[in-house]
Each structure stands twice: as C-alpha cells, then as structure tokens.
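J.: Curious how this folds, go ahead:
(chains A and B)
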Protein chains: 2
Amino acid sequence: MTQLRVPGPTPCPPEVLKAGSLQMINHRGSEFHEVITQVTEDMKKVFQTKNDMLLLTGSGTGGLEAAIVNLFSPGDKVLSVSIGVFGDRWANIAKAFGVDVVSLKAEMGKAADPDTLKKALKDNPAVKAVLITHNETSTGVTNDLKTLAKIVKDAGKLLVVDAISSMSSVPLPADEWNCDVVISGSQKGWMVPPGMAFASVSADAWKARAASKMPNFYWDFSRAKKSYDEKKENPWTPAVGIILQLSVSLKMIHKEGLQNVFDRHARCAQAVREGAKKMGLTLFADPKYASNTVTAINTPPELDGKKLRTIMRDEYGVVISGGQQTLDGKIIRVGHLGWINDKDVKEILTAMEKALQKL
Amino acid sequence: MTQLRVPGPTPCPPEVLKAGSLQMINHRGSEFHEVITQVTEDMKKVFQTKNDMLLLTGSGTGGLEAAIVNLFSPGDKVLSVSIGVFGDRWANIAKAFGVDVVSLKAEMGKAADPDTLKKALKDNPAVKAVLITHNETSTGVTNDLKTLAKIVKDAGKLLVVDAISSMSSVPLPADEWNCDVVISGSQKGWMVPPGMAFASVSADAWKARAASKMPNFYWDFSRAKKSYDEKKENPWTPAVGIILQLSVSLKMIHKEGLQNVFDRHARCAQAVREGAKKMGLTLFADPKYASNTVTAINTPPELDGKKLRTIMRDEYGVVISGGQQTLDGKIIRVGHLGWINDKDVKEILTAMEKALQKL
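T.: The predicted model follows:
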C-alpha cells in the first residue's frame, strides 16, 4: 500500500474514507445542521478557542485570502513575518489586494526572531496587523508563536496566523495566545481531503472586519457567521462530503485526546529526524525550531533528491516531496502529520534507507 | 433509502460514492496529473468547447465571483440579466467589487425577453459584458440562451454564463453559442459532492482578463491556466477527493452519451411536471421555459408547503426544497438533475401524492 507522506494532502484513516462514501445530504436540512454544529464545536476545542469558528469551502490559500479581504482596506499597513514560501505567498496575497506590506523575512530554515519582530513593530508604528506563519511547510520550521504572539499583542496589533499545517497537530491555544484570526486547512492534520479552510475570528478581528473597505463577497466572514448563527448553515453550498468526513475525524482526534495527538506528532517527528541523521543525512531546519509536522532533509550535492523520491515511490510505495522554488533540488520533505504512527515512520525510514543504498 | 431531490447537492451514484472512499494522492504527482487531464478533457466535451477549462476549488458562488474578478475592473459597465435569486446574487457580487451593474430583471417565473435584452444593449452602449443565468434554480426557468447569446454577441459584448445548474444536464454548446465564460458547479448534474466550480474561458475572455485591474489572487484564471498548461496541476491544493469522483462521473456521462443524458433529463422533468399537474397542482415557471433540472410547483394558499416537505421527508424519504426569499412559502422545488431516472421520478411523485392526501 502506498504511504502518502507529502505535507498535505495527508492520508485519511479508514473511518474517514468510509465517510467519504456517504450519500449527500441537504445542506439546508436538519441533519446537516446537526453535523455542522458538532464539527464547529469539536473544531473550537482543537483551536482551544471560544471565538467564532467559520468553515470556508476552498483551499488553504483561499483561507489566507479570506483573512486579508475581511480584515483590511487597501492602503492599510501590515507586517508580514515570512520564513518561507507560504509566508511569502501570504504577503503576495496581501499586496495583490493593495495592502501596504512591510516584509520581515528570515533566512530559509530559520524561525522568526522575536527581537527583530519587536524592532520592526517599533520602526513601523502604523502597522495595523501582523501576519505570521505558525508552521512553514516549505522549510519544516515551526515559529515560537507563543513568544511572537506576546510581542504582537503587547504592541496592540492584530495577530493573524497561518496555522494550515500546524493546527490539530501541534499545540496552538488560540485564545491563550491571543490570536485574532487563525486559519487552517482540511488536508493537513485534520485527516480529511483538501477543499476546506477554517478560520477562528476574535472580537477585535470582527472590529477590523467592520472597518474593512476591501471588496469581497464569497469569503465574507460576516455572511458566514450570520448563516451559522441564525441557521447552522453556510451561506453558499459547502463541501458537504468533507464536512461529513470532518465529523468523523474530529471525533477520532478528541477520542485520542488532543495532548496525545500532539505527543504522537512530536514522537513521530523526532523519529524521522533521528532516522535521517542515522543515515548520514543532515536536517535543513534550525534544530531548535524543527517542525513536528514536516521534516526538511538536505540533499547533499552527490545525491539526486528527485531520483531518491522516485525510487522511494515506485519501489517502496512511500511518496514524499521535494523542495519548492529556491529549495528545489536542495531538500526533500517528509510529511508526518495527521494519520501517522510509529510503524508508519519506520516504513518511511526503511524506504528512504533502501532507496539511498540503491543510489 | 432517502431520495435527495433538492436542486443540489444531488445524489451521487454508487460508483461515485465508492470513489469517495479512495485514499488521497499527491496533487503534485504523476497519478494526479493523469486524473486531472482526463477530467479536464472529459469536461470540455460536456461544455462542447475547445476553450480553456479551469477547475476551481470552491462553491458555485465562488465560480461566479471568479468570473467577476477576472474579467472586469472597478467601474466597468456590465449588464446583468436576472430572472431570480441566483441572477440577483451574481449582480450583487459584481456590485460588491465595484462593477457598474445595469440590471435587467424579469418577473419571477419568466425567462429573459430577447427584445428587452436587445433594447437594453442599445440603450447602454458602454456595457462591456452581459451576465446571464442559463438555468435559474430559484424559479425553475431555463433561459433561451441560444437566442440571448446571439443578441449579446451580435452587439459585440462579452458573454458570461452561469450554467451551474444546467451544464451536463441540458444542452449548452459553449463554442457554438459563442459563450466567453461559462461557470458550473460540482454538486449539480455532475453527480459529485459540492466543493468545486468549473470555468471555460474563451480567447476574448482572456483579453478581458489581461485588461482587468480587479485585485485577485486565489481565483486568478491566469494562475490556474499556467499551472494546468505547464504542469497539469492546480496552483493551490485542489479538492483531490472531488476530482477523483469527477473522474468516475464524467466517464459515466460519456458512456451514457451526452444526448442520452439530456434526453433523460427532459423525460424525467416532463414526468415531474405532468405528475404535479395530475395532482391538481400548478407550475410556477412559464411553461415555455420550464427547466429540465428543477421544477417549481405553486403551493396553493390552503396548502402548507413546509408541512408537505416535512411529511415527504420524514414519512416517505424524499427530500425536496422550498422557495427562497420572496418565494418562501409560495413554491416547492423538486430537483431532477444528475443521477435520476424514471423510477426515481415515480417515487418522488408517489411520495408527494401520499403527503398531499395526508394534509
């Protein structure tokens, strides 16, 4: 059986696949109202938030765009803290909508530096909000969001977090860390197929929403909130199939227990890192901030990463990713989030070792 | 077994449900490249187009928004031909993005009048494009798009069509009728769950895209085209599960034969209309333009439509819809698109008849 170990889409457990074959239901009917209520409440527990939780039909990138078009007006100044490809993408989305983006970029493989953030906020007092990627999928680095969040909130700024590849896999207590908007995506730790994005929205974020002059319609947080509050529905026809699957995967997460899920991710990630090092490979990410959802491994000059991945896939059934953009050919990336356990990690490492020997 | 007969989501055939339980695959890998190529080519055959075909992850409303933000600039003048709730929604999307909308509204239940359209285009020479709903789901009316399209194209305007609830169920040869952009949605005649929108884009539409100054990112047609043309991919992580299901449903459509699919829809719709009339009910739509995908039936003053629907659902397992907005309480709507055959129609009518007798 193939092991899909790219950092999303992630494999779905059998219970979730089974729910994928459920017949459609009326998205304006009582059965759906019950399902979406359970999903929303179960999701709030994972976000550890009492804020509004919105389910949006679209890719994670759609969720990132939604945050921009709901919170800001053209010309608003925003600080983008980018540590890789997805941080850069988010800044580009903001720029596309006329937001005045101040870019704070860390070296690839490094986490954002708290002091640099503090200084940037001091140097740019007009900044209204800070965009931070919690876990950067392109480099396998997890920011110390707790520390960064405190700096942002002490400065009185809106904190907007891309938690697409972290939420549900590593701790991110949205309320405790005072996150105003947190975005995640279905195809990561949530163990369901891609096609939905999730957003938690704080009271301060709603104030920003009310002040926003950005044209929007489909992504409108207000319409989504109104539809859910008044009718337990989505304003548009949502991805009913994915919601039915989420209903199952969220029950699985809470049955295992959130802390156990986090511990399992930490343990699997640690095993992947140790295993790679044992094979003589080195890790791309700053070890202090190595991600528990995706590991980036350097491909030494003598090693053809693409060939390695092809052998792993075609001969051992393990699918991993390469590097993106400037990291193309320089790293390989292993996703270890969502439905993964120690046995899976062993299989990934065995496949990698055997493929390395072949090369 | 429940019969879901709202005008979307529609029931999925067993083959499609089975595909819903397939494990996820890498959206940047060769297996996906093959699937999306087949889906795109099979879809072009349904659209009867040689234009570009883009797969977007989102609801149908997202597809309608995509057309607006790709083709126009704020201040552009656009003629909206609305014959119901979804036509109005599209006009509202355009207005939300600063498009100068000239509204041409028909009475609910009527189709757009060709002469009125001709006059409106003469009266508004600055109009750049015309937005037309092919099939209005809220009223069960199908516009005579062929005639309307000729008027729009003779006037040299861009023709942008909402075919969410028509394409794949009733004939809409996009190229023959010179449609520039045609939007559809996965949860209708395509027989797969909601969560994807489709857009065909003509050469003239690409010129409009190039001239557009509307801020956009996620819905960007150019990015979608580039990603497909160069890599057979989507720029963002698409709804892989729905694409795998589409791969199956499109094969089913072409195996049955497009004309046979259209004939089956016409036959089932005719049977629903005749059946309702036999029960002494009257139809809401102008009979000349009655839709072959959804039938709106008047609820006489003495009949509680909501009660009727509840009995049909709870006692006979047939789920239909009520009216929307101003038509709430005045009509009931039966969806008969996608996976439907003569036997299903009989069951729907039997349920309706028995529920009527109970009331």
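J.: Secondary structure element for A:Leu64, which one?
T.: helix A:60-71 (DSSP states H and E).
J.: Quick check: mean pLDDT of that helix?
T.: The pLDDT scores in helix A:60-71 average 98.
J.: Packing partners of the helix or strand just after it?
T.: Using DSSP H and E, the next helix or strand after helix A:60-71 towards the C-terminus is strand A:77-82. Packing contacts for strand A:77-82, counted by 3 or more Cβ pairs under 8 Å, 6 or more residues apart in numbering or on different chains; DSSP states H and E, involve helix A:85-96, strand A:100-105, helix A:114-123, strand A:129-133. In this view, the C-beta of every residue, glycine as well, is placed from N, C-alpha and C.
J.: Highest mean neighbour count out of these?
T.: strand A:129-133 (a mean of 27; mean count of other Cβ atoms under 10 Å in any protein chain shown).
J.: Run through the neighbouring helices and strands of that one.
T.: Against strand A:129-133 (3+ Cβ pairs under 8 Å, 6+ apart) you get strand A:77-82, helix A:85-96, helix A:145-154, strand A:158-162.
J.: chain center to it: distance?
T.: 14 Å (Cα atoms, centre = their mean, to the nearest Å).
J.: strands paired with that strand, and their directions?
T.: According to DSSP bridges, strand A:129-133 forms sheet pairs with strand A:77-82 (parallel), strand A:158-162 (parallel).
J.: from the middle of its chain, how far away would the shortest one be?
T.: Read that as strand A:158-162. For strand A:158-162, the separation from the chain centroid amounts to 13 Å (computed by Cα atoms, centre = their mean).
J.: and if you look at the first one?
T.: A distance of 18 Å separates the C-alpha centroid of strand A:77-82 from that of its chain, computed with Cα atoms, centre = their mean.
J.: can you check stretch A:252-271 too?
T.: Remark: stretch A:252-271 is offset 16 Å from the chain centroid, using Cα atoms, centre = their mean.
J.: Flag every buried residue along it.
T.: Within stretch A:252-271, the residues that qualify as buried by neighbour count (16 or more other Cβ atoms under 10 Å in any protein chain shown) are A:253, A:261-262, A:264-265, A:267-269, A:271.
J.: cool, and stretch A:186-201?
T.: A:186-201.
J.: Show me which residues of the helix or strand where A:Leu250 lies are buried.
T.: A:Leu250 is located in helix A:240-256, with elements delineated by DSSP H and E. For helix A:240-256, the neighbour count (16+ other Cβ under 10 Å) marks A:240-250, A:253 as buried.
J.: could you dump those to CSV with pLDDT and distance to A:Ile331?
T.: Putting the buried residues of helix A:240-256 into CSV (pLDDT from 0 to 100; distance: Cβ to Cβ, whole Å) gives the following:
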residue, pLDDT, distance to A:Ile331
A:Val240, 98, 38
A:Gly241, 98, 34
A:Ile242, 98, 30
A:Ile243, 98, 35
A:Leu244, 98, 36
A:Gln245, 98, 31
A:Leu246, 98, 31
A:Ser247, 98, 36
A:Val248, 98, 34
A:Ser249, 98, 29
A:Leu250, 98, 32
A:Ile253, 98, 29
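J.: now, which of the residues you listed lie close to chain B?
T.: For chain B, the contacts drawn from the buried residues of helix A:240-256 by Cβ under 8 Å from any Cβ of the partner chain are A:240-242.
J.: Tell me the one of the residues you listed nearest chain B?
T.: A:Gly241 (3.6 Å; Cβ to the nearest Cβ).
J.: List the residues that contact the closest one.
T.: Listed by Cβ atoms under 8 Å, 6 or more residues apart in numbering or on different chains, the contact set of A:Gly241 reads A:20, A:22, A:24, B:20, B:193-195, B:241-242.
J.: In TSV: those, plus distance to A:Val181 and secondary structure.
T.: Formatted as TSV, the contacts of A:Gly241 follow (distance: Cβ to Cβ, whole Å; DSSP: H, G, I helix; E, B strand; the rest coil):
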residue	distance to A:Val181	secondary structure
A:Gly20	29	coil
A:Leu22	31	coil
A:Met24	31	coil
B:Gly20	31	coil
B:Pro193	27	coil
B:Pro194	25	coil
B:Gly195	23	coil
B:Gly241	26	helix
B:Ile242	27	helix
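J.: just curious, which of these is nearest to A:Gly62?
T.: Distances from A:Gly62 to the contacts of A:Gly241, taken as Cβ to Cβ, are shortest for B:Gly195 (11.4 Å).
J.: For the closest one, which non-adjacent residue is closest in space?
T.: Distances taken as Cβ to Cβ, 6 or more residues apart in numbering or on different chains place A:Ala239 nearest to B:Gly195, at 3.3 Å, with adjacent residues excluded.
J.: ditto for A:Leu117
T.: Counting by Cβ to Cβ, 6+ apart, A:Leu117 lies nearest to A:Ile151, which is 5.3 Å off, once chain neighbours are set aside.
J.: got it, and A:Ile93?
T.: Excluding the flanking residues, the one nearest A:Ile93 by Cβ to Cβ, 6+ apart is B:Phe217, at 4.7 Å.
J.: backbone phi and psi for the nearest residue to A:Pro13 once chain neighbours are set aside, please?
T.: Counting by Cβ to Cβ, 6+ apart, the nearest residue to A:Pro13 once its immediate chain neighbours are dropped is A:Trp339, at 4.7 Å. Backbone torsions for A:Trp339, taken as degrees, to the nearest 10, come to phi -80, psi 90.
J.: so what pLDDT did A:Trp339 get?
T.: 98.
J.: what's the neighbour count on it?
T.: Using other Cβ atoms under 10 Å in any protein chain shown, A:Trp339 has 20 neighbouring residues.
J.: Do I have it right that it meets A:Met191?
T.: Yes - contact criterion Cβ atoms under 8 Å: A:Trp339 and A:Met191 qualify, at 4.9 Å.
J.: shared neighbours of these two, anything?
T.: With Cβ under 8 Å, 6+ apart, A:Trp339 and A:Met191 have common neighbours A:10-13, A:16.
J.: JSON lines for those residues, including neighbour count, secondary structure and pLDDT?
T.: Output for those, formatted as JSON lines (neighbours: other Cβ atoms under 10 Å in any protein chain shown; DSSP: H, G, I helix; E, B strand; the rest coil; pLDDT from 0 to 100):
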{"residue": "A:Thr10", "neighbour count": "28", "secondary structure": "coil", "pLDDT": "98"}
{"residue": "A:Pro11", "neighbour count": "23", "secondary structure": "coil", "pLDDT": "98"}
{"residue": "A:Cys12", "neighbour count": "27", "secondary structure": "coil", "pLDDT": "98"}
{"residue": "A:Pro13", "neighbour count": "17", "secondary structure": "coil", "pLDDT": "98"}
{"residue": "A:Val16", "neighbour count": "26", "secondary structure": "helix", "pLDDT": "98"}
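J.: and of the residues you listed, the nearest to A:Pro300?
T.: Among these, and counting by Cβ to Cβ, the member closest to A:Pro300 is A:Thr10, at 27.7 Å.
J.: Report the contact partners of the closest one.
T.: Neighbours of A:Thr10 in contact, by Cβ under 8 Å, 6+ apart: A:4, A:187-189, A:191, A:335, A:337-340, B:24.
J.: mind checking how far the spatially most central residue of chain A is from chain B?
T.: Compute the mean C-alpha point of chain A, and by Cα atoms, centre = their mean the closest residue is A:Ile164, 1.4 Å away. Per Cβ to the nearest Cβ, to the nearest Å, A:Ile164 is found 9 Å from chain B.
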